[in-house]
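1. Build me a structure from this.
(2 chains)
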Number of protein chains: 2
Amino acid sequence: MQTHSDSHTPALLRGIFAPTLTPVHADLSPDVERWVAHSKQLLADGCHGLCPFGTTSEANSFGIGERIEMLEQLVAAGVPAAQLMPGTGTSAIPDTVQLTAHAVKLGCSGVLVLPPFYYKGVSDDGIFKAFAEVIERVGDTRLRVYLYHIPPVAQVGFSLTLIERLIKAYPQTVVGIKDSSGDWNNLQALLTNFPGFGTFTGSERYLSETVRLGGAGSINAVANVIAPLQRRLYDKLGSDEAAELQEAVNQMRPVFKDVAPIPALKTIVAHVRQDPNWLNLRPPFVNLTEAQSQSVLTALAQSGLLERQAA
Amino acid sequence: MQTHSDSHTPALLRGIFAPTLTPVHADLSPDVERWVAHSKQLLADGCHGLCPFGTTSEANSFGIGERIEMLEQLVAAGVPAAQLMPGTGTSAIPDTVQLTAHAVKLGCSGVLVLPPFYYKGVSDDGIFKAFAEVIERVGDTRLRVYLYHIPPVAQVGFSLTLIERLIKAYPQTVVGIKDSSGDWNNLQALLTNFPGFGTFTGSERYLSETVRLGGAGSINAVANVIAPLQRRLYDKLGSDEAAELQEAVNQMRPVFKDVAPIPALKTIVAHVRQDPNWLNLRPPFVNLTEAQSQSVLTALAQSGLLERQAA
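-> Numbering: from 1, shown residues only, chains lettered A, B, ... in the order given. Just a heads-up that it's a prediction; the model follows:
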C-alpha cells in the first residue's frame, strides 16, 4: 500500500464513476467474488473509479461490520483504493466516523457521505455540526469528503448555503458533491456557485453539461451496464460526436423507467452475464416480476445499446 | 439473570412506556449515569416500562456498538430487562439482527423494530421478507417483536395487509405495534382488525380510547416529563376521573408544538432537574434558541401540569 504523509493529498477525482451493484448469495451474504469481478470489469470497461456502497449498491442494507470487511476484501483483491470513493454516511456519527476513517486508512481517494438521514426536517446548522464532528473525529489530512445529495431517497439534503459553509470551514476536506436530486436547476446552481468544486451529477443525462460547466463528471447507476459507452462519451466531450453519444447514453434509463431501478439493474446484469446469481437482492428489495423482467429486457434489446457499445 | 426455556415466554407488555431520552456529555458521548438515573426515575414515576432507543431517544444517532454497550450498562445498573422494549430496527438486516438478538439475550420482554428505512417506496413483500429474515436469524422463541410504525419520520411503514401477514406467519413473535402515525383512523383500524394484538399508541391523547378498544397502552415522548400523570390516568381508566385526567395529559404536547420535539423535551428535563447537562444533543439536532426555550418553559409553567402531577 502507498504510504501517505500529511503533504501527500489525493488528487481530485474526475470522470465516470459507477455506484457498484453488490451481488449477494442466495443466503443474502455478500458475494465478494462476483463483486470483485464486477468492480474490475467496470474499471476495465472505462470507469475512472467506483463508488462501492452507494444507494444503487444497496449500501444501506449492509451492516457496519460487513461494509468494513468487504471494503478490505475489495482492496486486497487488487481494486486500487486510489480509484475508490465508497459511501460511508449513516444516520449515526460514530458509525459514519468508523466507516470513513477506515476508508481513508485503506487509501481511498474520497468518501461519499450521506447526511444523517433518519430524522427529517433537521436544520442546516445541525447537518453542518454532524459533518464537522465526522471530519474532526476522523482527523486525517488525507480525508476527501464528497457530499451525497439525494433528497428523493435520503429526504435530508444539502442547501447551497450549507455547502458553502462546509467548503469555507473545511476547504481541503469538503471537495465535492454528488447531486442526485435529478434537478437540473440545482446542479446548475452548484456548478455556477462553486467553481473548482468536484461536482458529480447523479444523472448521466447531464454528463456533458456538467463537464462543460466545470464539473467533475458523473456517478450514476447505469454505469453498471453502459460504462464503455459513457467512457467513450467522456473522452469525446467537446468533439462533434459528443451530442450523439450523449443521446445514446440517455437511452439507457428509459429501459427500466416503470420498475424499481436496483432490481432492474440486477436483472440486466444477470442477463448480460448469463448468471442468475446476480438476481439475488437483499430485502426490502424484491425481484421484478417475470413480466417486468421481460419488459425491461425487451426494451434493452430494442435500444440496441449493448451492441452499440460493443462495436 | 432469569433463565429462559422455550416454554417460558415473556408476558405481553401493557401500560405506559417512555421512549427514554438519552443524555449525552458535552463531547457527545453517552451520559450513562444520567441515562440510568432517568430510566429508574421514569419507572419510579409510574412507567410500566421503557423503550430505550426510540425515535425520541435519538436512537438513530447512536452507533450499533454504542447501542449494544449501553443496553448492557442499563441492565447491569439494575433497570429490569423485563420492563424494556428497546428499539432495534436499522436500515440493514445484519445490524437489526445483532441488536435484536442482543436485546433478547439480555432478557428484554420485547423489541421495537423499525422497518428498513433508507430505501423508500419499497413493497409490503419486501418489508415482510426483511422481518422474516430478522426473526429467523434471531431464531429465539423468547423474541417478541413490536412493529414500529412511524411514517412521518421513517417514511416507510406497515400497511394493515402487511401486519396481518406478519401476524399470521409469526403469531408467537409479532405481538404488537407502536402506531406513531398520528392518524386516529389508522389506530382505530389496528384496534378493530387485530384484537388481542399489543397495540400501543404513540399519541398520548389516544391513550383512553386505545385501552378502551382493547389496545395495550401508549409509548409516547411526553412520558419523559409527565409519567406520573399518565400513570394516574391509566390506573383510573374507566372511572369518572379518566376524562379529566386525559384532558390534562393532552395539555403537554401543545407546550412545545412550535419547536423541534426532542430538543424541547431535553430543555424541559434540564429545567425540571435544574441540570444543564441535559441540554446536550447529538447532531443533526441543535438546541432551541433562547427565545424558543423561554417560550416552551413559559407555556409549561402556564399549563400547571408539573404542579398538578406533584400534588
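
2. What's the per-residue pLDDT of A:Pro23 here?
-> You'll see A:Pro23 listed with a pLDDT of 98.

3. looking at it, it is touching A:Leu279, isn't it?
-> No. Look at A:Pro23 against A:Leu279 with C-beta atoms under 8 Å: they stay out of range, at 9.4 Å. (Glycine included, C-beta is placed from N, CA and C.)

4. Who has more neighbours out of those two?
-> A:Pro23 (25 against 18; other C-beta atoms under 10 Å in any protein chain shown).

5. Need phi/psi at that one.
-> Here is the backbone geometry of A:Pro23 (degrees, to the nearest 10): phi -70, psi 140.

6. next one: A:His48
-> Backbone geometry at A:His48, expressed as degrees, to the nearest 10, gives phi -70, psi -30.

7. do the same with A:Ser218
-> Taking degrees, to the nearest 10 as the convention, A:Ser218 sits at phi -140, psi 130.

8. helices or strands next to the helix or strand bottoming out on mean pLDDT in chain A in the packing?
-> None of the helices or strands of chain A scores lower by mean pLDDT, DSSP states H and E than helix A:305-310, at a mean of 93. Here helix A:305-310 touches helix A:223-236, going by 3 or more C-beta pairs under 8 Å, 6 or more residues apart in numbering or on different chains; DSSP states H and E.

9. buried sites along the helix it packs on?
-> Residues of helix A:223-236 classed as buried by neighbour count (16 or more other C-beta atoms under 10 Å in any protein chain shown): A:223-234, A:236.

10. ok, these vs chain B, which is closest?
-> A:Asn224 (17.0 Å; C-beta to the nearest C-beta).

11. Need the overlap of contacts for A:Pro23 and A:Leu279.
-> A:Lys266 (C-beta atoms under 8 Å, 6 or more residues apart in numbering or on different chains).

12. near chain B, from the buried residues of helix A:223-236?
-> When C-beta under 8 Å from any C-beta of the partner chain is applied, no member of the buried residues of helix A:223-236 is adjacent to chain B.

13. okay if I get the residues you listed as TSV plus pLDDT?
-> Output for those, formatted as TSV (pLDDT from 0 to 100):
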residue	pLDDT
A:Ala223	98
A:Asn224	98
A:Val225	98
A:Ile226	98
A:Ala227	98
A:Pro228	98
A:Leu229	98
A:Gln230	98
A:Arg231	98
A:Arg232	98
A:Leu233	98
A:Tyr234	98
A:Lys236	98
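
14. Could the C-alpha coordinates of stretch A:13-33 be exported in PDB?
-> Provided in PDB are the C-alpha atoms of stretch A:13-33 (Å, rounded to 0.1, in the frame of the first residue of the first chain):
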ATOM      1  CA  LEU A  13     -11.500  12.700  -8.700                       C
ATOM      2  CA  ARG A  14     -12.900  13.200 -12.100                       C
ATOM      3  CA  GLY A  15     -14.700  11.200 -14.800                       C
ATOM      4  CA  ILE A  16     -17.200   8.300 -14.800                       C
ATOM      5  CA  PHE A  17     -17.800   6.500 -11.500                       C
ATOM      6  CA  ALA A  18     -20.200   3.600 -11.000                       C
ATOM      7  CA  PRO A  19     -22.000   3.100  -7.800                       C
ATOM      8  CA  THR A  20     -21.200  -0.600  -7.900                       C
ATOM      9  CA  LEU A  21     -24.000  -3.100  -7.700                       C
ATOM     10  CA  THR A  22     -23.500  -5.500  -4.800                       C
ATOM     11  CA  PRO A  23     -24.100  -9.200  -5.600                       C
ATOM     12  CA  VAL A  24     -25.200 -11.400  -2.800                       C
ATOM     13  CA  HIS A  25     -25.500 -15.200  -2.400                       C
ATOM     14  CA  ALA A  26     -28.900 -16.900  -2.200                       C
ATOM     15  CA  ASP A  27     -28.500 -16.700   1.600                       C
ATOM     16  CA  LEU A  28     -28.000 -12.900   1.300                       C
ATOM     17  CA  SER A  29     -24.400 -12.900   2.300                       C
ATOM     18  CA  PRO A  30     -22.100 -10.700   0.300                       C
ATOM     19  CA  ASP A  31     -20.900 -12.400  -2.900                       C
ATOM     20  CA  VAL A  32     -17.400 -11.000  -2.700                       C
ATOM     21  CA  GLU A  33     -16.100 -13.000  -5.600                       C
END
